[in-house]
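Student: Kindly return the folded structure for what I paste below:
(chains A and B)
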Amino acid sequence: AQSVAQPEDQVNVAEGNPLTVKCTYSVSGNPYLFWYVQYPNRGLQFLLKYITGDNLVKGSYGFEAEFNKSQTSFHLKKPSALVSDSALYFCAVREYNNDMRFGAGTRLTVKP
Amino acid sequence: EAQVTQNPRYLITVTGKKLTVTCSQNMNHEYMSWYRQDPGLGLRQIYYSMNVEVTDKGDVPEGYKVSRKEKRNFPLILESPSPNQTSLYFCASGQTGRDQPQHFGDGTRLSIL
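Tutor: Residues are numbered from 1 along each chain as shown, chains lettered A, B, ... in the order given. The predicted model follows:
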């Protein structure tokens, strides 16, 4: 079965600094990878996806992610963090049978 | 407004008392799914449905039932809830296709005493 791993439970950054939330994947074949964000008391919101093509994908709220096949990674990035970016972030992979498998989540805290 | 609506948002109940969590979407999506979210485990898929009358087990289906009689509704049924089913539950929907993102409801927090 395909899977993703988020090696960091918590990421802390200062406002205005770049942020990276890490994700590694284990798949057979071409990976269909997604990032979602969860704000308190809300459901997950789609940020961006990688299916094929350019390794750098851009998404909502200024986020982008870099797909790296040799390192089997799909890290989420933003050049300048905002306090409002503080949330729980999930990486996910979509299986051939449409099962969606999520990582354990990374809590991002951006401090003023 | 396009949305996935879950009810109830919060429920405290007792072991063995049957309950149903409703889920409805207004986007005409064929694909719908249920997840549970537990600390340190992320989201785990319980059941999903590719279309009306078509349902399949996810990773953690034990103790749950679902039905898909209409395209817009996908209720989650706990016939005999137990304390280990205390969790945060999310319903999601999306267009058919492996590359399609899912739209999530705001969650239902269940406490089984």
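Student: contacts and neighbour counts: CA atoms only from here.
Tutor: Fine.
Student: Spit out the contact partners of the closest residue to chain B within chain A.
Tutor: Nearest to chain B in chain A, going by Cα to the nearest Cα, is A:Ala104, at a distance of 3.8 Å. A:Ala104 sits next to A:5-6, A:9, A:90, B:39-43 when contact means Cα atoms under 8 Å, 6 or more residues apart in numbering or on different chains.
Student: how about 7 Å then?
Tutor: Taking Cα atoms under 7 Å, 6 or more residues apart in numbering or on different chains, we find A:Ala104 in contact with A:6, A:90, B:40-42.
Student: Which of those are buried? Put it as a ChimeraX command.
Tutor: This is how ChimeraX selects the buried members of the contacts of A:Ala104, with burial counted by 16 or more other Cα atoms under 10 Å in any protein chain shown:
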select /A:6,90 /B:42
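Student: Looking at the contacts of A:Ala104, which is nearest A:Phe63?
Tutor: A:Phe90 (13.4 Å; Cα to Cα).
Student: Which strand or helix spans the closest one?
Tutor: Taking DSSP states H and E as the definition, A:Phe90 sits inside strand A:87-94.
Student: ok, and what's touching the helix or strand following that strand?
Tutor: Downstream of strand A:87-94, the first helix or strand assigned by DSSP H and E is strand A:100-102. Identification of contacts with strand A:100-102 by Cα under 7 Å, 6+ apart yields A:3-4, A:90-94, B:42-44.
Student: Over to stretch A:53-61?
Tutor: Stretch A:53-61 is contacted from outside by A:47-48, A:50, A:64-68, using Cα under 7 Å, 6+ apart.
Student: which parts of chain B sit against chain A?
Tutor: Residues of chain B lying near chain A by Cα under 7 Å from any Cα of the partner chain: B:40-44, B:58, B:98-99, B:101, B:103-107.
Student: which stretches of the chain form strands?
Tutor: I'll assume chain A. Taking DSSP state E, the strands of chain A run over residues A:3-5, A:10-14, A:19-21, A:24-26, A:33-38, A:44-50, A:56-58, A:64-68, A:73-78, A:87-94, A:100-102, A:106-111.
Student: wrong one, I was asking about chain B
Tutor: Taking DSSP E as the criterion, chain B carries its strands at B:4-7, B:10-13, B:19-25, B:31-38, B:42-51, B:54-57, B:65-66, B:76-78, B:87-94, B:103-104, B:108-112.
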